[in-house]
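Q: just need the structure, nothing else, for what follows:
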Amino acid sequence: MCDIDTVLVERKKMAPPKVKNAAALAMHKKWQEAAIQMGGEGAKIVVSKQEAKPLILACLRDSYRPMTITDIFKRLKAVVPSPVLKACLDEMAVSNRTDGSGSDEEEIPQAASGKKEARKTGADDDFSDAVCVKLGRSVGGSLYYANQEKMDNKGNGLLPDERNELVSDSQKASQEKMSISANLDSMNSEIKGLLCEPTNNEADVKISSEEQLVANLQEKLQESRRFLANEKKCKNTRKRVQHLADHWWKRRRLCMDFLLMIEECTEGAVSVKKCLAGNGQIEIESDEAVIRESVEAFKSRSSRTALRKKNEPSSRDAVEPTANFVGMKMNPRGTMSRVYAEP
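A: This next block holds a predicted model:
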């Protein structure tokens, strides 16, 4: 906020000036209405020259261009009434002025009577000669602008020391801003990581479920460790099963070779297919016939209701047999597979 706006805000907080008679009261009311119309509710007019001069000088300085009295009046939003504004500009004007021809080369001294009157009214203060004026053909055509010679450093901005200090402070502020931005980015990334993590309640629930899962795994582990002693027995059993399977495959191969030879010698009178099915000329106990009989027996048992004996011993760790398992079958490559009856 510029200086003029600051002063205007402070003026809004001040009480209206005291008036003495009806004419002054009516004029004050008219000025106040104009200020409210241009500046909004809460606008307070300034009728004191000592308070109006800072506003006028700040307006001319901030605009940095020549302005007519009408422009200044509108820029101040009618806070300074026209008569007060004209009187202040006359007191603040420099001791010399240019003529109305528009040439700046010839300067005409100001009227002595006006100068003496200005001095009598107390114009020789800090705002004396603070405004330059270029007279026009009328009062509204005169141009006013700030006298650069009366400003700090003659209007050339800040002094070198102040400018260097300002640049140094600006650099420090930039570095501090970068540091704060880096800290903010770090905090944002940390916040994103924390948001991805579960809350305390969710973590408690998850820990409880994981502890229960670990407890169940421990129980299964303890149960599995009891079978470590049977590892050697399991290996021996696998070897024995493999030995029996090899013997089975050899006998099956011998039987198949014999049947094929008989079929070839009898020129088909003895059929290998019929013999393996159990209704041929040679009665043999083939794998296919055994599996077929087992399936028929399973279906026969399933049609009747089997009752268990009450005193039948049961073991908790015993493996329950599969009800529809009927036998084993070996393919031509010697690989065995289980055969199940349809449920």
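Q: for the rest of this, base every contact and every neighbour count on C-alpha atoms.
A: Will do.
Q: do a quick rundown of the helices in the stretch 201-343 of the chain.
A: Along the stretch 201-343 of the chain, counting by DSSP state H, counting those that start in this stretch, helices occupy 231-265, 272-277, 287-303.
Q: in the longest one, what counts as buried?
A: Under the neighbour-count criterion of 16 or more other C-alpha atoms under 10 Å, helix 231-265 has 245, 249, 252, 259-260, 262-263 buried.
Q: make TSV from the helices of the stretch 201-343 of the chain and add mean pLDDT and distance to Leu221 to it.
A: Shown next, in TSV, are those (pLDDT from 0 to 100; distance: least, C-alpha to C-alpha, whole Å):
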stretch	mean pLDDT	distance to Leu221
helix 231-265	85	15
helix 272-277	80	48
helix 287-303	79	37
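Q: would you turn those helices into a markdown table with distance to Asn153?
A: Formatted as a markdown table, these follow (distance: least, C-alpha to C-alpha, whole Å):
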| stretch | distance to Asn153 |
| --- | --- |
| helix 231-265 | 102 |
| helix 272-277 | 124 |
| helix 287-303 | 116 |
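Q: now do the same contact list for Arg75.
A: By C-alpha atoms under 8 Å, 6 or more residues apart in numbering, the contact list for Arg75 reads Cys59.
Q: select, out of the helices of the stretch 201-343 of the chain, the one closest to Asp152.
A: Of all the helices of the stretch 201-343 of the chain, helix 231-265 sits nearest to Asp152, with 101.9 Å by C-alpha to C-alpha.
Q: show me what that closest one is packed up against.
A: Here helix 231-265 touches helix 272-277, going by 3 or more C-alpha pairs under 8 Å, 6 or more residues apart in numbering; DSSP states H and E.
Q: distance from the helix it packs on to the middle of the chain?
A: 79 Å (C-alpha atoms, centre = their mean, to the nearest Å).
Q: just to revisit the earlier point, mind putting the buried residues of helix 231-265 in JSON lines, distance to Thr322 included?
A: Listed next are the buried residues of helix 231-265 as JSON lines, based on distance: C-alpha to C-alpha, whole Å:
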{"residue": "Ala245", "distance to Thr322": "21"}
{"residue": "Trp249", "distance to Thr322": "25"}
{"residue": "Arg252", "distance to Thr322": "27"}
{"residue": "Leu259", "distance to Thr322": "34"}
{"residue": "Leu260", "distance to Thr322": "36"}
{"residue": "Ile262", "distance to Thr322": "39"}
{"residue": "Glu263", "distance to Thr322": "39"}
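Q: so, low pLDDT: which residues of the stretch 1-150 of the chain?
A: 1-20, 95-125 (pLDDT under 70).
Q: same thing but 80
A: Residues of the stretch 1-150 of the chain meeting the criterion pLDDT under 80: 1-20, 95-126, 149-150.
Q: show me where the stretch 51-200 of the chain has strands.
A: All strands of the stretch 51-200 of the chain, identified by DSSP state E, counting those that start in this stretch, fall at 96-98, 107-109, 131-134, 143-146.
Q: residues contacting Ile262?
A: Applying C-alpha under 8 Å, 6+ apart to Ile262 gives the contacts Val270.
Q: relative to Ser294, how far out is it?
A: 28 Å (C-alpha to C-alpha, to the nearest Å).
Q: please apply the same query to Gln281.
A: 22 Å.
Q: in terms of neighbours, single out the busier of the two.
A: Legend: neighbour count by other C-alpha atoms under 10 Å for Gln281 and Ser294, higher for Ser294 (19 against 12).
Q: so what's the more buried one up against?
A: Here Ser294 is in contact with 326-327 (criterion: C-alpha under 8 Å, 6+ apart).
Q: per-domain residue ranges of the chain.
A: Recorded structural domains for the chain (assignment: automatic domain parsing) are 3-155, 230-305+322-340.
Q: for those, which one ends up most surrounded?
A: domain 3-155 (a mean of 16; mean count of other C-alpha atoms under 10 Å).
Q: contacts made by the strand or helix carrying Ala34 with the rest, please.
A: Here Ala34 sits within helix 22-39, counting by DSSP states H and E. For helix 22-39, contacts defined as C-alpha under 8 Å, 6+ apart pick out 19, 42-45, 74, 77-79, 81.
Q: can you pull the contacts of Met328?
A: Per C-alpha under 8 Å, 6+ apart, neighbours of Met328: 291, 336-339.
Q: what residues are bridge-paired with it?
A: Note on Met328: beta-bridge partners Arg338, judged by DSSP bridges.
Q: so what's it scoring on pLDDT?
A: Here, the pLDDT recorded for Met328 equals 80.
Q: show me the helices in the stretch 1-150 of the chain, by range?
A: So, for the stretch 1-150 of the chain - with DSSP H, counting those that start in this stretch - the helices run 3-13, 22-39, 49-63, 69-75, 82-92, 112-120.
Q: show me the one of those that comes nearest Gln222.
A: Judging the helices of the stretch 1-150 of the chain by C-alpha to C-alpha, what sits closest to Gln222 is helix 3-13, at 83.5 Å.
Q: on that earlier part again, let me have the contacts of helix 22-39 in JSON lines, extended by distance to Glu219.
A: As requested, the contacts of helix 22-39 are arranged in JSON lines below (distance: C-alpha to C-alpha, whole Å):
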{"residue": "Val19", "distance to Glu219": "100"}
{"residue": "Gly42", "distance to Glu219": "83"}
{"residue": "Ala43", "distance to Glu219": "85"}
{"residue": "Lys44", "distance to Glu219": "88"}
{"residue": "Ile45", "distance to Glu219": "91"}
{"residue": "Lys74", "distance to Glu219": "91"}
{"residue": "Lys77", "distance to Glu219": "88"}
{"residue": "Ala78", "distance to Glu219": "92"}
{"residue": "Val79", "distance to Glu219": "90"}
{"residue": "Pro81", "distance to Glu219": "96"}
